[in-house]
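Asker: Would you be able to build a 3D model of this:
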Amino acid sequence: MEGLFPFQGTWSFGPNHLDPSDATPVLVRVCGTRRLSLRTQVREHCPRRPGVYGMVSRKGELIYIGKAKCLRARLLSYFRTKSRDPKAGRILERTKFLVWEYAPNEFAALLRELELIRRWRPRLNVQGQPGRRRPIFLCLGRQPAPYAFLTRDPPAGALATFGPIPGGRSAQEAVRSLNDYFQLRDCPRAQEMIFADQAELFPMTRSAGCLRYEIGTCLGPCIGACTRAEYTEQVHAARCFLSGTNLAVLSTLEAAMTEASAALAFERAAALRDKLGRLRWLHERLERLRQILARPAFVYAVDGQQDSDRWYLIQGGNVVDCIPVPRTAQEKRAATRRIAQVMGQKNDPLKTVPVSEMARVLLISAWFRRHPEEQTRISQPKKALAQCRRLEIAS
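Answerer: Residues are numbered from 1 along each chain as shown. Modelled structure (predicted):
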């Protein structure tokens, strides 16, 4: 990424897809080989406004992107050696240029920060990076004996896809427990499947491909130990659990754990406890996602600086569009049409959200969780439409 910033003429972070003006935001830049010089220029040129900022190395590489409710205070905090975070010191050591871009409000800066991190992928940023801590999908599929598996790219032929969910060991253990409980196979795709009701010209005795059939955690479709209908019934039961329509597995495991504990079978109780914890973890992640996606569309009104008040149209937990607070008759008509389009869309809590959009969905959810007072700025689309009509009549 050397030579990323020529710094001649006009340069910017790039277009802002949530800027209703469609104008390329202006980037402000200060340069200095010493920290004292950078700090002095920040004091002189950076106002107390929300926005996003970038740290650029001596080689012209964009190494870090951040956001701030007050750019001046945030950038000056990098120069306070006694109170700053250790990572801030490491970033500043590699920085020659400081660049920033104003935002109308803190919420806009938060969304812009995520957009820029995903666009430029600065190596010192962790949160928001497409390739770091990347969520994964849980799929049911791969004929002739479907099972649960994790993947970053869901196949088109999957019976059902859920997520995305956080990747890592917790997800892997949850999927393994899921396959164990519903007795679904998890062997390699090359393993041949022979169902009990599948006619063979020359029947033969087969040995199981793994120990799971022997210990009762697989129906054994590789040795003809079950019919296709029996196996399909278990796949359907697993799908009902993942979709949240049948959670009997949790109560069954909890009852079995209590019974084992009462019988002083503590090892079995511990194993059931672990399995219950993994499946409960999986259910909670999927349920949280369903609740976010099932939220009805709403309009989030945010005040901005310098007549930059915004209405954010949020559908399915994601920002669909951003429009200026309508003041002229033309703006009111345009706002009415756009809000009607968003309101007319139906939410599907079981739909699969692309990873590229899921990061913003979770970001918006976290914003309202951290700032519950912002709920007072939310209005239903019908109310916003009525307000547009009243403004138009008044004008």
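Asker: any idea which element residue 110 lies in?
Answerer: In this structure, residue 110 is located in helix 106-120 according to DSSP states H and E.
Asker: which of the residues in that helix are buried?
Answerer: Buried residues in helix 106-120, defined by neighbour count with 16 or more other C-beta atoms under 10 Å: 106-117, 120. C-betas here are computed from N, CA, C, even on glycine.
Asker: ditto for stretch 374-383
Answerer: Per 16+ other C-beta under 10 Å, stretch 374-383 contains these buried residues: 377, 379, 381.
Asker: and which of those is nearest to residue 41?
Answerer: The shortest distance between residue 41 and any of the buried residues of stretch 374-383, using C-beta to C-beta, involves residue 377 and amounts to 35.6 Å.
Asker: Now do the very next helix or strand once past the helix holding residue 110: which elements does it pack against?
Answerer: Going down the chain from helix 106-120, the next helix or strand is strand 136-141, by DSSP H and E. With contacts defined as 3 or more C-beta pairs under 8 Å, 6 or more residues apart in numbering; DSSP states H and E, the packing partners of strand 136-141 are strand 147-151, strand 160-165, helix 169-181, helix 228-243.
Asker: Now do strand 136-141: distance to the chain's middle.
Answerer: On the basis of C-alpha atoms, centre = their mean, to the nearest Å, strand 136-141 sits 16 Å off its chain's mean C-alpha point.
Asker: coming back round to it: take the buried residues of stretch 374-383 and keep only those in strands.
Answerer: With strands defined by DSSP state E, the entries of these inside them are residue 379.
Asker: in the stretch 151-300 of the chain, which ranges drop under the pLDDT threshold?
Answerer: Per-residue confidence for the stretch 151-300 of the chain (pLDDT under 70) gives these ranges: 199-204.
Asker: Check which helices and strands the top helix by length along the chain is in contact with.
Answerer: Taking DSSP state H as the assignment, the helix of the chain that covers the most residues is helix 266-294. In this structure, helix 266-294 makes packing contacts with strand 160-165, helix 169-181, helix 228-243, helix 248-262, helix 355-370, judged by 3+ C-beta pairs under 8 Å, 6+ apart.
Asker: can you rerun that using 10 Å?
Answerer: In this structure, helix 266-294 makes packing contacts with strand 136-141, strand 160-165, helix 169-181, helix 228-243, helix 248-262, helix 355-370, judged by 3 or more C-beta pairs under 10 Å, 6 or more residues apart in numbering; DSSP states H and E.
Asker: Buried residues, the fifth one. List them.
Answerer: Just to be clear, that refers to helix 248-262. Applying 16+ other C-beta under 10 Å to helix 248-262 flags 249, 253, 256-257, 260 as buried.
Asker: Same question for the fourth one.
Answerer: When burial is assessed from 16+ other C-beta under 10 Å, helix 228-243 yields the following buried residues: 231, 234-235, 237-239, 241-242.
Asker: Repeat that for the last one.
Answerer: Within helix 355-370, the residues that count as buried by 16+ other C-beta under 10 Å are 355, 358-365, 368.
Asker: got the angle between that helix and strand 136-141?
Answerer: Here the directions of helix 355-370 and strand 136-141 differ by 120 degrees (axes from the mean of the first three to the mean of the last three C-alpha atoms, to 10 degrees).
Asker: Just the mean pLDDT for helix 355-370, thanks.
Answerer: Predicted confidence along helix 355-370 averages 86 (mean pLDDT).
Asker: Turn the buried residues of stretch 374-383 into JSON lines, including distance to residue 44.
Answerer: Compiled in JSON lines, the buried residues of stretch 374-383 are given as follows (distance: C-beta to C-beta, whole Å):
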{"residue": "377", "distance to residue 44": "35"}
{"residue": "379", "distance to residue 44": "41"}
{"residue": "381", "distance to residue 44": "45"}
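Asker: Which of the buried residues of stretch 374-383 sits closest to residue 154?
Answerer: Compare each of the buried residues of stretch 374-383 with residue 154 using C-beta to C-beta and the shortest gap goes to residue 381, at 31.2 Å.
Asker: residues touching the closest one, list them.
Answerer: Residue 381 sits next to 296-299, 313, 315, 338-344 when contact means C-beta atoms under 10 Å, 6 or more residues apart in numbering.
Asker: now do 7 Å
Answerer: If a contact means C-beta atoms under 7 Å, 6 or more residues apart in numbering, then residue 381 has 297-299, 339, 342-343 as its contacts.
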